[in-house]
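# Take this sequence and fold it.
(chains A, B and C)
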Amino acid sequence: MDHTPSTVAMNFGPQRTQLHLEVNGQSRPVDVEPRTTLLDVLREQLDLTGAKRACDRGECGACTVLVDDQPMYACHLLALQVRMRKIVTIEGLAEREDFRRLLEAFVTNDAGQCGFCTPGFVVAAYAALRRFPEADAQQLRWELVGHICRCNAYENIVAAVSDAGRRR
Amino acid sequence: MEQDLAVVGVAVPRLGLAEKVRGQARYTADLKRPGMLYGRVLRSPHAHARIVHLDTAEAERVPGVHAVLTHQDVPQRRIDADLLPLEPLLRFVGDEVALVAAESEVIAEDALRLIRVEYEVLPAVFDAEEGLQPGAPSVHPQGNLVGGKTLVVERGSVAQGFAEAAQVFEETFHTQMHAPVGMETRAALAEWDGDRLTVWKTSRAVHASDRQTLARVLGLPLEQVRVICPNMGGGFGNKDEGRLAVLVALLARKAGRPVRIEYSRAEEFVAGRNRQEAHMRLKIGIQPDGTPTAIDLHATMNAGAFVASGMNVTRRVGQGALYLYTCPNARFEGMTVYTNRPAGGSFRGLGAPLGHFALEVLMDQIAAALGVDPLDYRLQHHVTSAGQPGQRRTPPDQVLPDEPVEGGVPFSSNGMRECLLAGAERIGWRRRRQPNGAGTGMLRRGLGLAMGIYKGGTGREGEAEVRITPDGRVQVAVGGVDVGQGSTTILAQIAAEALGVPIDRINVVMADTGRTPPAHVTAGSSTTITTGAAVKLAAEDAKRQLLALVDGLPQAFDPEVAPVRREDIVGTARVTSGSNAYLTNAFAAHFAEVEVDIRNGRIRVLRYVAAHDSGRIVHPRLAENQVSGGVLQFLGITLREELYLDKHRGVTLNANFLEHKSTSIVDFPPIEVLFPAGPDPVGPYGAKALGEPPVVPVLAAVANAVANATGVWLRDVPFTPQRVLQAIHEHGKGVR
Amino acid sequence: MRPFAFVEPTSLDEVIRLLAAGQHQARLIAGGSDLLGELKDDVVSYERLVSLAGVEDLRHIREEAGGLRLGALVTVAQLEYDPHLEGPYRILAEAARSVATPEIRVQGTLGGNLCQRPRCLYYRHALTPCLKKGGADCPAIESPYQAYLSIMGGQGCYSVHASDLAPPLMALDAQVSIAGPSGERALPLERFFAGPEQDVRRENVLAADEVLTSVTLPAALQGWQGTYLKARERTAGDFPVVSVAVGYALDAGLIRQARLVLGGVAPVPWRSPAAEAVLEGQHPSPELAVNAATAALANAQPLSHNAFKVEIGRALVERAIMAVAALRRGE
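Numbering: from 1, shown residues only, chains lettered A, B, ... in the order given. Next up is the predicted model:
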């Protein structure tokens, strides 16, 4: 890009809006402008830093949250796009009773190294197990294909998610 | 040597993992400080340019902007010999021009666009070989050959060795630039309190690098600088350069508020530190029975715009050629060259995987030429515990280096033979392997193997503090960082073992210059060895002090029983690891089975066995995860990952996971990991390095498997379908 | 991203009006998975994004005239799982499954997928001007990085259309409905796409104030089945290097209604009547597959560094033709 000033009128926060987002079962007031992503809001305004900004391009899964129970990349959604939706983050899932089996399985199977990708994987795994309770390891793998782990702990992650699926 | 180990060797749960699973672990970019601003960096759009005019007035007027930092604002003290915090000369697309601190990242980015810069564009050079030509654009005033000379190390005389040889083989090899890109991008948060500076930073060198650099460049006494690395999201030997911390500190000082910068993924690819492109030429002479008489490797390394640790990277390219095979005459020549590419640095294994690629592929070709099974060839000629022939050069009272060149020194332990045999057995080598290129049809399968030798993790200093508090809990403090290799857990295990207490009493504090003793860079796979040794001794020191007050363990830890204690008991230790008498190296043998589709050039890895000698395995599960993770990481590099540089403008075209082709969960099979060797006499609990060795043999193991499948040895990494098809067609093995 | 306004109209008419008013500075956003990437990479910028998400009627898959009408806001994930997409339409579900990752499939829409911008690395980078972005020439022509470039020619710009849904939809003889200020129009999907010889700045015929509202699949031929195969560099997540949608019915063992459409090889999804003619009226066999594949790639004009795609394409077409035969046999 060239470094001459943009010819577009510089609006620092055109349509700066306050709105309410439903996050982890609570209605939270947040300040957004159109460019504000869901991830920005979660991390910077609500201090829910479990979702990570690892690529900001919808390519790696580290920012995954549930939007109306479906896993989506929070970095790749504008806050305004999801204002009527139900958002659940890793912090919200971690309070649930049916989360325990995933936590235990991840620890027992050593399914993480640096841990940066871990919350994203866990959110997606939670959704996959809810949706496909009988899924085998192969199918679970394909549900997790949208997540990158540079430490490459993949095998242990698959083992953990399969393990969690078998536990009750 | 402990025989009865209650904790070490047992798979205890990885410390801190539960918090990570729950999303509670905080990394640098998760931290916030009161009044914190967000920083962004303006980057050069040109590969080589001088700033002629820079005007920040309009950017500074933007509401919400608190400071703009340019080269005019920074002290002219060097971070490295070739690196100033900011300067008017820019050396690669992505080089740092200016920084903005503002109330949100969006405002900072908008302000960046209002900084007016006029550039004088200069001619640029992107190829190392071109960079060496007279008249090539000069990236640095000292010239493009870093250090002004070629690195040469030699044992014996390769000239003589070639003269004696019955046959001489020579080949060239080429590996592309690729990026480590851990999931966490570089980030730093700086806060001033008067003249006292605290920096949180994702770093593996808070003591050894960041604190020193900050103090020196900012002109502060060391005690006024504190650097803390909270959880770190992937290091891979990277993330040790000092520029980001310095710039964030300067920006925070100018703004009068704390500032946090988090690199975007594209910045991490381009302004992080990648693995240098390498051109290698290898020449090997052998006797009629195949015994090597001379091994001569030359490498030209493309360091990019700044060299950072590039000289170490270069040096390690030669490690295999110099030492993997028994040979009286071995030589390595390395040229490190500046170009206008993104800067290279350390990435897991440094140059060793590259040099091993050349070595193990050519050795495989030699075995084929001799009609000898490549496994037998290696069993006959790999370096043994006796070490290399020749005269010891290191004085007898000095600790031996663990990147050896000299002969006349034995190894403390050498499990290469065990690794070769165990790995071969597991993959079914003898039973299943066909001659090279024997397959027919569209899909061809093959087995290949490669060995690796790597530093053992000794020859460093480590320090630890073990503190027993009155409530009976134990805190272990070390300056290094857990990059994800699980060192927190391992050090806790070692402390628990030495103190005779359950591991849940132990809390490990790492990487905080305010609370932990100094440490070298978390590097060279040395954390277990050196820091572990220090932890062990510090724990024993603390235990001795405790027993002097109270009779007998475990009561000594019970606050009810030991009310005499009101203060912490602190045990400390400093250790220099290594031996005067023995070399300590880690060894590995990897075996790959591949299927090559000769119509579309795709290589599928069917099976992969990695056999490692790293002495006693302190934590089996973590160790397996390390090996598996390292192999998988490198398989991606072997088959796909490379940074695409447009050579007209010097632009990195694929600075993202999608187009850099990062490995996903469905790309490769599980890695079968074996630890067939026993404990080493030198390391604590008999352990040797394990962090980096897993990446060393991967390139060659796959190349040799492809050669077995197709009859064609690939010499250009990564082995993309395009390159595979080209190699096959050139070799005349295509179908049509 | 550069600043923009975000508006959320609740009717199609309002969407069109807002697009028209914004002229070329307004852009439609559905799921946003492609557009947000372009905005973040500073490839494009707009003053105003007009969200289509409020037009509820576009979210449905409905039976119509023996076939199906798919609303433009139907997500790729819906296509993956919807029970309507059985039998002849199964090829579309298969293609949907191959798109990107599960999370993107939940966000991305049918309309967005068909209107996606190219993946050429030079197009997608802010620092490399190119014809499609209004620049003077094409930097990709001599580049070694041509995996996402055409092997079927291109007239100055050689970026390919990378949609996974377009080839199967074309193989199903799909039609698209377009709404604009002057009303609705329908046209075959094949005529929706436009190569650089028409307008290098666009990849389809939509005007700035028009909206693709739905895709209609005619009643399918009884017994017609197809498959979608995709060659990509990684095992998952990637755009196609080459892809193929092929399908046919068998009447007394002879191929009828052969359709063969290649993706990732040309600026538009590339139907091959020549290959279809080779297949039509013949018994499926490996030899026939080879001949059809040869015909499909016969006029390939690879660039300096992407000839490897031709062989990949041939192998893929052969495999796909035989895979449909296996489907027919119930394997």
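# residues near whichever residue of chain A sits closest to chain B, how many?
Taking CB to the nearest CB as the measure, the point where chain A comes nearest chain B is A:G50, at 2.3 Å. C-beta here means a position set from N, CA and C on the backbone, and glycine is covered the same way. Other residues lying near A:G50 total 29 when counted by other CB atoms under 10 Å in any protein chain shown.
# cool, C:G54 as well?
Counted with other CB under 10 Å, C:G54 comes out at 16.
# Same check on the one 10 residues further on?
C:E64: 14 surrounding residues under other CB under 10 Å.
# returning to what we had before: and the closest residue to the residue of chain A closest to chain B other than its chain neighbours, how close does it get to B:T489?
Closest residue in space to A:G50, ignoring its immediate chain neighbours: B:G23 at 2.3 Å, by CB to CB, 6 or more residues apart in numbering or on different chains. Noted for B:G23: a distance of 20 Å to B:T489, by CB to CB, to the nearest Å.
# Of all residues in chain A, which one is closest to chain C?
Closest point on chain A to chain C, by CB to the nearest CB, is A:G146, at 2.8 Å.
# Ramachandran angles for that residue?
When read as degrees, to the nearest 10, the backbone of A:G146 gives phi -90, psi 20.
# my read: it touches A:A127, true?
No - here A:G146 does not reach A:A127: they are 11.3 Å apart, not a contact under CB atoms under 8 Å.
# Can you pick out the residue with more neighbours from these two?
Legend: neighbour count by other CB under 10 Å for A:G146 and A:A127, higher for A:G146 (28 against 22).
# Local confidence estimate at the more buried one?
At A:G146, the model reports a pLDDT of 97.
# ditto for B:Q3
pLDDT at B:Q3 comes out at 44.
# what sits against the residue of chain A closest to chain B?
Neighbour list for A:G50: A:T89, A:I90, A:E91, A:P119, B:R22, B:G23, B:Q24 [criterion: CB atoms under 8 Å, 6 or more residues apart in numbering or on different chains].
# And the pLDDT for the residue nearest the centre of chain A?
By CA atoms, centre = their mean, chain A has its centre lying nearest to A:T64, at 1.7 Å. For A:T64, the model assigns a pLDDT of 98.
# Which positions in the stretch 301-450 of chain B make contact with chain C?
B:M442 (CB under 8 Å from any CB of the partner chain).
# Residue of the stretch 301-450 of chain B nearest chain C, please.
B:M442 (7.8 Å).
# and the residue of the stretch 501-650 of chain B at minimum distance from chain A, helix, strand or coil?
Distances between the stretch 501-650 of chain B and chain A by CB to the nearest CB are smallest at B:L632, namely 3.6 Å. Going by DSSP: H, G, I helix; E, B strand; the rest coil, the secondary structure assigned to B:L632 is helix.
# since we're on it, how many residues are nearby?
B:L632: 28 surrounding residues under other CB under 10 Å.
# pretty sure it is touching B:I671, no?
Yes - at 6.4 Å, B:L632 counts as touching B:I671 under the criterion of CB under 8 Å.
# where does the stretch 101-250 of chain C have low pLDDT?
Filtered on pLDDT under 70, the stretch 101-250 of chain C yields no residues whatsoever.
# Next one: the nearest residue to B:G35 once chain neighbours are set aside from chain A, what distance?
Nearest residue to B:G35 in three dimensions, chain neighbours excluded: B:R257, at 4.8 Å (CB to CB, 6+ apart). Distance of B:R257 to chain A, given as CB to the nearest CB, to the nearest Å: 16 Å.
# tell me which element B:R257 is part of?
B:R257 belongs to no helix or strand when elements are defined using DSSP states H and E.
# B:A655 now?
Per DSSP H and E, there is no helix or strand for B:A655.
# pLDDT below threshold where in chain A?
Using pLDDT under 70, chain A drops low at A:1-14, A:168.
# Point me to the residue of the stretch 1-150 of chain C nearest chain A.
Closest point on the stretch 1-150 of chain C to chain A, by CB to the nearest CB, is C:T101, at 2.8 Å.
# Please tell me how far the residue nearest to that residue when sequence neighbours are not counted sits from C:L121.
Leaving aside its sequence neighbours, C:T101 sits nearest to A:G146 (CB to CB, 6+ apart; 2.8 Å). Separation of A:G146 from C:L121 (CB to CB) stands at 22 Å.
# Then B:A124?
Counting by CB to CB - B:A124 and C:L121 are separated by 19 Å.
# Tell me if I'm right that C:A274 and C:T294 touch.
No - using CB under 8 Å, C:A274 makes no contact with C:T294, being 9.5 Å away.
# Identify the contacts common to the two.
Residues touching both C:A274 and C:T294 (CB under 8 Å, 6+ apart): none.
# Help me confirm that B:V594 is found in a helix?
No - going by three-state DSSP, the assignment for B:V594 is strand, not a helix.
# That one: what's it in contact with?
B:R445, B:G446, B:G448, B:I603, B:R604, B:V605, B:L606, B:V702, B:A705, B:V706, B:A709.
# Would you list the buried entries among those residues?
For the contacts of B:V594, a burial check counting by 16 or more other CB atoms under 10 Å in any protein chain shown picks out B:R445, B:G446, B:G448, B:I603, B:R604, B:V605, B:V702, B:A705, B:V706, B:A709.
# closest to chain C among those residues?
Distance to chain C across the buried ones among the contacts of B:V594 (CB to the nearest CB) is lowest for B:R604, with 9.0 Å.
# Thanks a lot, see you next time.
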